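# Provide a 3D model corresponding to the input given below.
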Amino acid sequence: MIRQEIQQFKERCSSKELRKFAITIAVVFSLFGCFLYYKQNAYASLFFLISAVLIAFGIALPKVLKPVYIGWMSFAVMMGFFMTRVILVLLFCIVFAPTGLIMRLLGKDPMHQKIDKTCKSYWLPRDDRQFVPENLEKQF
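Sure, this is the predicted structure:
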(Lines give C-alpha, C1' and ligand atoms only; values in the text may rest on other atoms or scores of the structure.)
Protein backbone atom coordinates (compact mmCIF):
# COMPACT_ATOMS: atom_id res chain seq x y z
CA MET A 1 0.00 0.00 0.00
CA ILE A 2 2.72 2.47 0.95
CA ARG A 3 4.89 1.32 -1.95
CA GLN A 4 2.05 1.93 -4.40
CA GLU A 5 1.56 5.49 -3.17
CA ILE A 6 5.28 6.20 -3.37
CA GLN A 7 5.37 4.72 -6.89
CA GLN A 8 2.53 7.07 -7.87
CA PHE A 9 4.63 10.05 -6.76
CA LYS A 10 7.48 8.85 -8.94
CA GLU A 11 5.19 8.45 -11.96
CA ARG A 12 3.29 11.73 -11.73
CA CYS A 13 6.31 13.86 -10.97
CA SER A 14 5.74 16.56 -13.60
CA SER A 15 7.53 19.89 -13.91
CA LYS A 16 4.39 21.69 -12.77
CA GLU A 17 4.16 19.51 -9.66
CA LEU A 18 7.85 20.10 -8.90
CA ARG A 19 7.41 23.88 -9.27
CA LYS A 20 4.47 23.85 -6.86
CA PHE A 21 6.53 21.78 -4.42
CA ALA A 22 9.52 24.14 -4.67
CA ILE A 23 7.38 27.24 -4.13
CA THR A 24 5.54 25.69 -1.18
CA ILE A 25 8.73 24.60 0.57
CA ALA A 26 10.38 27.94 -0.22
CA VAL A 27 7.48 29.80 1.40
CA VAL A 28 7.76 27.61 4.50
CA PHE A 29 11.51 28.22 4.69
CA SER A 30 10.96 31.95 4.20
CA LEU A 31 8.39 32.08 6.99
CA PHE A 32 10.71 30.16 9.28
CA GLY A 33 13.54 32.52 8.28
CA CYS A 34 11.33 35.52 9.12
CA PHE A 35 10.61 34.03 12.52
CA LEU A 36 14.33 33.49 13.17
CA TYR A 37 15.11 37.00 11.93
CA TYR A 38 12.49 38.38 14.31
CA LYS A 39 14.17 36.45 17.15
CA GLN A 40 17.55 37.81 15.94
CA ASN A 41 18.96 34.37 15.24
CA ALA A 42 22.05 34.08 13.04
CA TYR A 43 20.58 31.17 11.06
CA ALA A 44 17.82 33.29 9.50
CA SER A 45 19.98 34.10 6.47
CA LEU A 46 20.54 30.37 5.87
CA PHE A 47 16.79 29.78 5.60
CA PHE A 48 16.40 32.74 3.24
CA LEU A 49 19.24 31.34 1.10
CA ILE A 50 17.63 27.89 0.98
CA SER A 51 14.34 29.51 0.02
CA ALA A 52 15.99 31.47 -2.80
CA VAL A 53 17.77 28.36 -4.11
CA LEU A 54 14.51 26.38 -4.08
CA ILE A 55 12.68 29.08 -6.01
CA ALA A 56 15.53 29.37 -8.52
CA PHE A 57 15.62 25.61 -9.13
CA GLY A 58 11.83 25.42 -9.14
CA ILE A 59 11.59 27.99 -11.92
CA ALA A 60 14.69 27.17 -13.97
CA LEU A 61 15.39 23.44 -13.43
CA PRO A 62 12.49 21.73 -11.66
CA LYS A 63 13.71 18.22 -12.56
CA VAL A 64 16.70 18.72 -10.25
CA LEU A 65 14.27 18.72 -7.32
CA LYS A 66 12.79 15.32 -8.21
CA PRO A 67 14.81 13.30 -5.63
CA VAL A 68 13.96 15.83 -2.91
CA TYR A 69 10.28 15.71 -3.89
CA ILE A 70 10.16 11.91 -3.90
CA GLY A 71 12.00 11.72 -0.57
CA TRP A 72 9.75 14.29 1.07
CA MET A 73 6.53 12.75 -0.23
CA SER A 74 7.69 9.24 0.76
CA PHE A 75 8.36 10.52 4.27
CA ALA A 76 4.92 12.17 4.33
CA VAL A 77 3.17 8.97 3.22
CA MET A 78 4.95 6.86 5.85
CA MET A 79 4.30 9.46 8.54
CA GLY A 80 0.62 9.56 7.60
CA PHE A 81 0.39 5.76 7.67
CA PHE A 82 1.79 5.50 11.19
CA MET A 83 0.12 8.61 12.63
CA THR A 84 -3.30 7.42 11.47
CA ARG A 85 -2.88 4.22 13.43
CA VAL A 86 -1.54 6.04 16.50
CA ILE A 87 -4.46 8.49 16.47
CA LEU A 88 -7.02 5.69 16.07
CA VAL A 89 -5.50 3.65 18.91
CA LEU A 90 -5.47 6.72 21.17
CA LEU A 91 -9.06 7.53 20.24
CA PHE A 92 -10.13 3.99 21.09
CA CYS A 93 -8.22 3.90 24.39
CA ILE A 94 -9.21 7.40 25.53
CA VAL A 95 -12.81 7.63 24.28
CA PHE A 96 -14.45 4.35 23.33
CA ALA A 97 -13.01 1.91 25.90
CA PRO A 98 -13.76 4.13 28.95
CA THR A 99 -17.22 4.96 27.59
CA GLY A 100 -18.03 1.27 27.18
CA LEU A 101 -16.67 0.50 30.64
CA ILE A 102 -18.74 3.27 32.25
CA MET A 103 -21.86 2.15 30.36
CA ARG A 104 -21.38 -1.44 31.60
CA LEU A 105 -20.79 -0.31 35.17
CA LEU A 106 -23.99 1.77 35.07
CA GLY A 107 -25.94 -1.07 33.47
CA LYS A 108 -26.81 0.91 30.34
CA ASP A 109 -27.62 -1.00 27.15
CA PRO A 110 -28.39 1.55 24.40
CA MET A 111 -28.33 -1.09 21.65
CA HIS A 112 -30.60 -3.48 23.57
CA GLN A 113 -28.21 -6.41 23.35
CA LYS A 114 -29.27 -8.14 26.57
CA ILE A 115 -31.19 -11.35 26.05
CA ASP A 116 -34.62 -11.32 27.66
CA LYS A 117 -35.79 -14.92 28.08
CA THR A 118 -39.32 -13.84 29.01
CA CYS A 119 -39.78 -11.88 25.79
CA LYS A 120 -41.65 -13.68 23.00
CA SER A 121 -40.14 -11.61 20.20
CA TYR A 122 -37.66 -8.82 19.69
CA TRP A 123 -39.71 -7.36 16.87
CA LEU A 124 -40.21 -3.60 17.24
CA PRO A 125 -43.61 -2.47 15.99
CA ARG A 126 -43.63 0.42 13.58
CA ASP A 127 -46.22 2.97 12.63
CA ASP A 128 -48.67 2.17 9.87
CA ARG A 129 -48.21 4.47 6.93
CA GLN A 130 -48.91 4.40 3.25
CA PHE A 131 -45.97 3.63 1.01
CA VAL A 132 -46.03 5.55 -2.24
CA PRO A 133 -43.49 5.32 -5.08
CA GLU A 134 -42.43 8.96 -4.56
CA ASN A 135 -40.97 8.03 -1.17
CA LEU A 136 -38.63 5.57 -2.84
CA GLU A 137 -37.28 8.01 -5.42
CA LYS A 138 -34.34 10.29 -4.65
CA GLN A 139 -33.69 8.74 -1.26
CA PHE A 140 -30.51 10.70 -0.71
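
# Next, work out how far apart the most centrally placed residue in the chain and residue 133 are.
The chain has residue 80 as the residue nearest its centroid, 6.6 Å off, counting by CA atoms, centre = their mean. Going from residue 80 to residue 133 by CB to CB, to the nearest Å gives 46 Å. Using the backbone N, CA and C atoms, a C-beta is placed for each residue, glycine as well.

# Now do the longest helix along the chain: distance to the chain's middle.
Looking across the chain with DSSP state H, the single longest helix is helix 66-91. Distance of helix 66-91 from its chain centroid, counting by CA atoms, centre = their mean, to the nearest Å, is 9 Å.

# next SSE after that helix?
Downstream of helix 66-91, the first helix or strand assigned by DSSP states H and E is helix 97-106.

# Just the residues contacting that following helix, thanks.
109, 110 (CB atoms under 8 Å, 6 or more residues apart in numbering).

# now with 6 Å?
For helix 97-106, contacts defined as CB atoms under 6 Å, 6 or more residues apart in numbering pick out no residues.
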